[in-house]
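S.K.: Pasting a predicted model and its sequence here:
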Amino acid sequence: MQATRIEVNDNLQETVKHGSHDFPLAIYTDKFDLFEDGYIRWHWHKEVQFSYSLYDKVVVFIEDEEIILSPGEGIMINSNVLHQIKPYDNSNCMMFSIDFDSTLIGGSEESLIEKKYLAPIIENSNLKFISLKPEVPWQEKILAHLEQVFILSHEKSYAYELEMKTYLSIVWLNLIKEMKEEIKTSLPTATSNDDERVKLAMQYIQKYYSDNIDLDSIARTANISKSECCRSFKRILKVTPFEYLMEYRVSKAAELLLKNKDSISNISLDVGFNGISYFGKVFKKYMNCSPSEYRDKYLHK
């Protein structure tokens, strides 16, 4: 399955359900040149995610961390963790992702397996992600099992669902065995101030992006000064509030370019730009093409 856009609600939670109620697992082949934005934008979801780089490097942004994955490397992104993934330097890069609800392995939320072996990792606010490198023996085993799950999802041989669940259970078994001491000594912490502030500001931007909003109004939403707002954005997202606003306006413009036949001038006004020349310049900065080239490229795919 290939997604082309990440849809989120006002709280930045991804709105797509991964898998189904009777089999809560979804597997995606992520070819970044097929994403309308060219990357996977900021979002979070309840499901645990394993991603594996197949071709060229990708960079995973998790709060204030940047994790570069070379081909053959992977990452576990924990439940409810805000993240974004971009090509490192080549838009033709590719990875696969496995998203699943903990009930796939643990059964009901009150089961012994869930409470004893899944919740200690999933509910650990200190554990945002785990990098997976093939040169580390236990991580190499996990990567090999993830590859098998990906292959099975395409081959769909008899009982492949059961086999995928088995491999993921073994993945989790390896994970929990290696992490058990770290989990024991890890104390729960409150969500960081930066994280909450930036989420509030991002929600405000996503709601009022088409208006004439400024740094002062964004900072007031998060109940902080303008300078602290900028510092929080730089620590968590590695961009300023203004840069995030521009990037979000461009992403909404990209949606409109494909959804309707309005003129580019009207679309630029609809998403908050005051002039078509400046809009074209900013659009090209983020999308590597002009608005008209973008429309032609994706409408004819």
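M.R.: Here it is on my side, so go on. Residues are numbered from 1 along each chain as shown.
S.K.: ok, now how distant is residue 286 from residue 109?
M.R.: 40 Å (C-beta to C-beta, to the nearest Å). Every C-beta, even on glycine, is put in place using the N, C-alpha and C of the backbone.
S.K.: Equivalent analysis for residue 158, please.
M.R.: Applying C-beta to C-beta to residue 158 and residue 109 gives a distance of 30 Å.
S.K.: repeat for residue 243
M.R.: Distance, residue 243 to residue 109, using C-beta to C-beta: 40 Å.
S.K.: tell me what the lengthiest helix in the chain is packed against?
M.R.: Taking DSSP state H as the criterion, the chain has its longest helix at helix 160-185. Secondary-structure packing of helix 160-185 (3 or more C-beta pairs under 8 Å, 6 or more residues apart in numbering; DSSP states H and E): strand 25-31, helix 103-106, helix 119-122, helix 137-155.
S.K.: For residue 158 and residue 109, indicate the residue with more neighbours.
M.R.: Taking neighbours as other C-beta atoms under 10 Å, residue 158 and residue 109 compare with residue 109 leading, 12 against 7.
S.K.: Could you check how far that one is from residue 77?
M.R.: Distance from residue 109 to residue 77, by C-beta to C-beta: 20 Å.
S.K.: give me the low-pLDDT residue ranges for the stretch 101-250 of the chain?
M.R.: 184-192 (pLDDT under 70).
S.K.: hmm, 80 instead?
M.R.: Applying pLDDT under 80 to the stretch 101-250 of the chain flags residues 108-109, 125, 181-195.
S.K.: Now do the buried residues in the following helix or strand past the longest helix of the chain.
M.R.: Heading C-terminal from helix 160-185, the first helix or strand you meet, by DSSP states H and E, is helix 193-208. Buried positions in helix 193-208, judged by neighbour count with 16 or more other C-beta atoms under 10 Å: 194, 195, 197, 198, 199, 200, 201, 202, 203, 204, 205, 206.
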